[in-house]
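S.K.: Predicted structure and sequence below. I'll ask about it afterward.
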Amino acid sequence: MKNKFFKFLFLGAIIAFMCTFSACKKDADTMAIITVIDVNGDVVKDARVRLHQDGQISQAGSSSIVSNVQWTDGSGQTEHVFEHEAILNIDVSKWVGTNELTGSNVIRLLKYKTVSKTIEID
């Protein structure tokens, strides 16, 4: 009787072990890393970075609502995570006194990849 119990327990442990390590691996995120620099090449902290598709019309005829806004950290970077591939506009702005420094560009996100872009503001 002990022998059957230990065989059953051993088989259960092997099955649990296999299920744990053969579980589906999560796909990598589709991510954009934006670095903001000034005209001197220094990173810019607390700049507003907006990735969007304003004005784009889908094949179904509806307008796009993809938008993500973040503020740069101490290293002048933002990380934006999206579900799908996309071509997005990048708009960056920062107020210094009464002057607004701005910059813009375009980024193409690739599924499950991290794409980096550096934007200069002036």
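M.R.: Noted; the coordinates are in hand.
S.K.: in stretch 64-74, what counts as buried?
M.R.: Of all the residues in stretch 64-74, those buried under the rule 16 or more other Cβ atoms under 10 Å are residue 72. The way it works is simple: take the backbone N, C-alpha and C, and place the C-beta from them, glycine included.
S.K.: Quick one: residues in contact with it.
M.R.: 34, 36, 43-58, 78-80, 82, 86, 88 (Cβ atoms under 8 Å, 6 or more residues apart in numbering).
S.K.: let's go with 6 Å and repeat that
M.R.: Stretch 64-74 is touched from outside by 36, 45-53, 56, 78, 80, with contacts defined as Cβ atoms under 6 Å, 6 or more residues apart in numbering.
S.K.: same question, stretch 80-96
M.R.: By Cβ under 6 Å, 6+ apart, the list of residues contacting stretch 80-96 reads 29-32, 36, 44, 47-53, 68, 100-111, 119, 121.
S.K.: Could I have the ChimeraX command that selects the buried members from these?
M.R.: Here is the ChimeraX command that selects the buried residues among the contacts of stretch 80-96 (16+ other Cβ under 10 Å):
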select :30,31,32,36,44,47,48,49,50,51,52,53,101,103,107,109,119,121
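S.K.: Just give me the neighbour total for residue 120.
M.R.: A count of nearby residues for residue 120, using other Cβ atoms under 10 Å, gives 16.
S.K.: Test of understanding: give the bridge partners of it.
M.R.: Counting by DSSP bridges, residue 120 is bridged to residue 37.
S.K.: Would you confirm that it contacts residue 35?
M.R.: No: in this structure, residue 120 is not within contact of residue 35 by Cβ atoms under 6 Å, at 9.8 Å.
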